[in-house]
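A.B. asks: The following comprises the amino acid sequence and a computationally predicted model.
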Amino acid sequence: MINKVFLIITIIGVPLSVIGHLLHFSPLVMFGVYCLTIIALASYMGRATESLAIVTGPRIGGLLNATFGNAVELIISIFSLKAGLVTIVLASLTGSVLGNLLLVGGLSFFVGGLKFKRQTFNVYDARHNSGLLVFSVMVAFVIPEVFSKGMSEQNAISLSIGTSIILIFLYLAALLFRLVTHRGVYTQEGQNVAHEEETAEWTTKRAFVILALATIAVAYISESLVETFKIVGESFGWSELFIGVIIVAIVGNAAEHISAVIMAYKNRMDVAVEIAIGSTLQVAMFVAPVLVLLSLLFQESMPLVFSYPELIAMFSAVFLTVIVSNDGDTNWFEGAMLLGAYVIIGIGFYLF
């Protein structure tokens, strides 16, 4: 049923987005159209990567899902940087960390826990991810903020560039570690038995074609979406911080939200956790650094410097996620705690 709804939204939304942009329809109306259309397109990206996950396995499948899910946000962020909306870009990165860990992770644990009293996933992967989360968010994001207070703007940019290069290098090294040099070394006994007979919805070729077409459509609509931010913010009284942390993050990560919850409902928790936490790591260690480096091409460079509310919110999300997931075991109540934390933080950013 939900797939038919997304199909209808896509069929109507894509041409309407093109026509509305060309004929300059009301920005408030088009903001809603753009958001719904991107979410519908993201559902196709999610279904395509779900098919690929069945063929490639949970680790690579989760990585593909996180990558194409983050591609939406990366595209929106590039157009935002081009428009000089640095605050929104930084806020959307914060929103991605919070959304992936608390909203996506929380919904996955909660929905999966309603069907299964106890769900398990690879505890070795959970501990590996915990270390990377602490490093990328609690170390690499905090240091530029603390040291930038006593620096010139140029030195703050230089520190951000150096930090970004190290983050990208370590992210690639982490992929090498998990997918090549230590692939299968930390496999949990019996973890893949339950899913051997599952068949993919689409063939590999069809899945890649749908991914490519959806990504192109999202790229076009994202540029139009960015142009509506200022007017929408002024009309509803939303700050750039709230737009970035909540609105852009939810729209940009819709594919991951949908896919992770579906995987959890099917008790494929290794994939669900890989999407939620793996996507966070990709945002913190790859997407954010890439945006810092790309911003050098635009009129206004973006330092890797977050506000204290953003840092404290991300720090809290990482700490809670590490505590909940480090044992490789979860249930609906732990999901409810993550969701509760997301709502509290969301209210704070709305009123800030």
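C.D. replies: Sure thing, it's come through. Numbers count the residues shown, from 1 in each chain.

A.B. asks: Give me the mean pLDDT for stretch 77-85.
C.D. replies: What stretch 77-85 shows for mean pLDDT is 88.

A.B. asks: So, low pLDDT: which residues of the stretch 151-300 of the chain?
C.D. replies: Under the criterion pLDDT under 70, the flagged ranges of the stretch 151-300 of the chain are 184-198, 255-256.

A.B. asks: try 50
C.D. replies: Residues of the stretch 151-300 of the chain that meet the criterion pLDDT under 50 lie in 192-196.

A.B. asks: Tell me which stretches of it form helices.
C.D. replies: Under the criterion DSSP state H, counting those that start in this stretch, helices of the stretch 151-300 of the chain are mapped to 153-176, 204-227, 229-236, 240-242, 249-252, 254-265, 269-282, 288-294.

A.B. asks: With distance to Ala83 and mean neighbour count as new columns, can those be given to me in CSV?
C.D. replies: (Glycine included, C-beta is placed from N, CA and C.) As requested, the helices of the stretch 151-300 of the chain are exported to CSV (distance: least, CB to CB, whole Å; neighbours: other CB atoms under 10 Å):
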stretch, distance to Ala83, mean neighbour count
helix 153-176, 19, 16
helix 204-227, 6, 18
helix 229-236, 8, 15
helix 240-242, 11, 21
helix 249-252, 16, 24
helix 254-265, 22, 27
helix 269-282, 24, 29
helix 288-294, 13, 22
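
A.B. asks: Of those helices, give the one that comes closest to Leu52.
C.D. replies: Closest to Leu52 of the helices of the stretch 151-300 of the chain is helix 204-227 (CB to CB; 5.3 Å).

A.B. asks: which strands and helices sit next to that closest one?
C.D. replies: With contacts taken as 3 or more CB pairs under 8 Å, 6 or more residues apart in numbering; DSSP states H and E, helix 204-227 sits against helix 2-23, helix 27-56, helix 58-82.

A.B. asks: looking at the helices of the stretch 151-300 of the chain, which is closest to Leu41?
C.D. replies: Leu41 sits nearest to helix 204-227 of all the helices of the stretch 151-300 of the chain, at 4.6 Å, using CB to CB.

A.B. asks: got the contact list for that closest one?
C.D. replies: With CB atoms under 8 Å, 6 or more residues apart in numbering as the test, helix 204-227 has contacts from 14, 17-18, 20-21, 27, 30-31, 34-35, 37-38, 41-42, 44-45, 47-49, 51-52, 55, 68, 71-72, 75-76, 79-80, 83, 85, 200, 202, 251.

A.B. asks: Now list the buried members of those.
C.D. replies: 14, 17, 20-21, 27, 30-31, 34-35, 37-38, 41-42, 44-45, 47-49, 51-52, 68, 71-72, 75-76, 79-80, 83, 85, 200, 202, 251 (16 or more other CB atoms under 10 Å).

A.B. asks: about what we covered before: ok, which of the helices and strands packed on helix 204-227 comes nearest Met151?
C.D. replies: That would be helix 58-82 among these, by CB to CB, at 21.6 Å.

A.B. asks: continuing past the closest one, what's the next helix or strand?
C.D. replies: Next in sequence after helix 58-82, counting helices and strands by DSSP states H and E, comes helix 86-98.

A.B. asks: Run through the neighbouring helices and strands of that next one.
C.D. replies: Packing partners of helix 86-98 (3+ CB pairs under 8 Å, 6+ apart): helix 58-82, helix 240-242, helix 249-252, helix 269-282, helix 288-294, helix 308-325.

A.B. asks: Looking at those, spot the one closest to Leu114.
C.D. replies: Of the helices and strands packed on helix 86-98, the one closest to Leu114 (CB to CB) turns out to be helix 269-282, at 13.7 Å.

A.B. asks: so what secondary structure elements neighbour that closest one?
C.D. replies: Counting by 3+ CB pairs under 8 Å, 6+ apart, helix 269-282 packs on helix 58-82, helix 86-98, helix 105-115, helix 123-133, helix 153-176, helix 254-265, helix 308-325.

A.B. asks: Export the ones you listed as TSV, with columns for distance to Ser224.
C.D. replies: Listed next are the helices and strands packed on helix 269-282 as TSV, based on distance: least, CB to CB, whole Å:
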stretch	distance to Ser224
helix 58-82	9
helix 86-98	15
helix 105-115	28
helix 123-133	34
helix 153-176	28
helix 254-265	17
helix 308-325	27
